[in-house]
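Asks: no FASTA, just this:
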């Protein structure tokens, strides 16, 4: 069936198409209204060296020169960042900041990339939390940001690094105000619209098929008495001739 024939059927069966479309849209809007909301909060941390660098001078009379930590990024910071990211992505860390196991809260700690397999090594740590409520998302990001600094200090103490060389975790983007994630809800609306169109199309052609079948049956029922009378007449004529 070509396009114009399809349009003709839709308009001819408007009394089926329109109610089916509106009913489907109403049901989809109901699902959209009760669908759980998701709020997103993020923060960003950068690891920096102390102003005197990452090592102590061998001769106290000649100290290391003071440098600006924001313009001096040693490659070792990338490894430190990767270690922290691995530590903050463990189930133990998630439980410590209040992420329920198997729940509807998603916590991601990355170096800023979106693909974990291609994630570059950088001195940045980006924390993202998606939760059903704005308060929960914001609270978890605050806790993870604090835990990153705590974990960094603990690991430097563990390797017995001189305190004067400790790497610092500087918060460059404080935990943001949670924002509602509307992408999934909008996708649901698009899918609902497509489903409504399909249901309307199906209903229109079902009604058209039913109407054609009913017309054909009525035509058969109307022609049956004529065929019966003709057959009786033919038998009667044959009897007289006999």
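Replies: Cool, got the structure. Source: prediction; values computed, not measured.
Asks: packing partners for the longest strand along the chain?
Replies: If you go by DSSP state E, the chain has its longest strand at strand 39-48. Packing partners of strand 39-48 (3 or more CB pairs under 8 Å, 6 or more residues apart in numbering; DSSP states H and E): helix 76-88, strand 124-131, helix 134-158, strand 168-173, strand 179-180. (Each C-beta comes from the backbone N, C-alpha and C, glycine too.)
Asks: any idea which of those gets closest to residue 50?
Replies: Proximity to residue 50, assessed across those by CB to CB, is greatest for strand 168-173 (7.1 Å).
Asks: measure residue 152 to residue 217 for me?
Replies: Per CB to CB, to the nearest Å, residue 152 is found 81 Å from residue 217.
Asks: which of the two has more residues huddled nearby?
Replies: More crowded of residue 152 and residue 217, by other CB atoms under 10 Å: residue 152, with 22 against 10.
Asks: that one against residue 77, yeah?
Replies: No - with contacts defined as CB atoms under 8 Å, residue 152 does not count as touching residue 77, sitting 10.8 Å away.
Asks: which residues do these two both contact?
Replies: Common neighbours of residue 152 and residue 77 are listed as 47, 167 (criterion: CB atoms under 8 Å, 6 or more residues apart in numbering).
Asks: list the buried residues in stretch 150-164.
Replies: For stretch 150-164, burial by neighbour count (16 or more other CB atoms under 10 Å) applies to 151-153, 156, 161.
Asks: and which of the residues you listed is nearest residue 138?
Replies: Out of the buried residues of stretch 150-164, the member with the shortest distance to residue 138 (by CB to CB) is residue 151, at 20.4 Å.
Asks: surely the closest one meets residue 84?
Replies: Yes - using CB under 8 Å, residue 151 is in contact with residue 84, at 6.0 Å.
Asks: out of the helices and strands packed on strand 39-48, which comes closest to residue 21?
Replies: Closest approach to residue 21 among the helices and strands packed on strand 39-48 (CB to CB): strand 179-180, 28.4 Å.
Asks: what about residue 111, how many residues close to it?
Replies: For residue 111, the number of neighbouring residues by other CB under 10 Å comes to 18.
Asks: please tell me how far it sits from residue 210.
Replies: For residue 111, the distance to residue 210 - CB to CB - is 61 Å.
Asks: please apply the same query to residue 165.
Replies: Per CB to CB, residue 165 is found 83 Å from residue 210.
Asks: go on, residue 122?
Replies: According to CB to CB, residue 122 and residue 210 sit 65 Å apart.
Asks: who has more neighbours out of the two?
Replies: Higher neighbour count among residue 122 and residue 210: residue 122, with 18 against 12, using other CB under 10 Å.
Asks: which residue, other than its chain neighbours, is closest to the more buried one?
Replies: Nearest non-adjacent residue to residue 122, counting by CB to CB, 6 or more residues apart in numbering: residue 111, 4.7 Å away.
Asks: can you give me phi and psi for residue 177?
Replies: The phi/psi pair for residue 177 (degrees, to the nearest 10) reads phi -60, psi 130.
Asks: oops, could you answer that again for residue 123 instead?
Replies: phi -80, psi 10.
Asks: and the gap between it and residue 198?
Replies: On the measure of CB to CB, residue 123 and residue 198 end up 51 Å apart.
Asks: these two - which one has more neighbours?
Replies: Using other CB under 10 Å as the criterion, residue 123 and residue 198 rank with residue 123 on top: 23 against 12.
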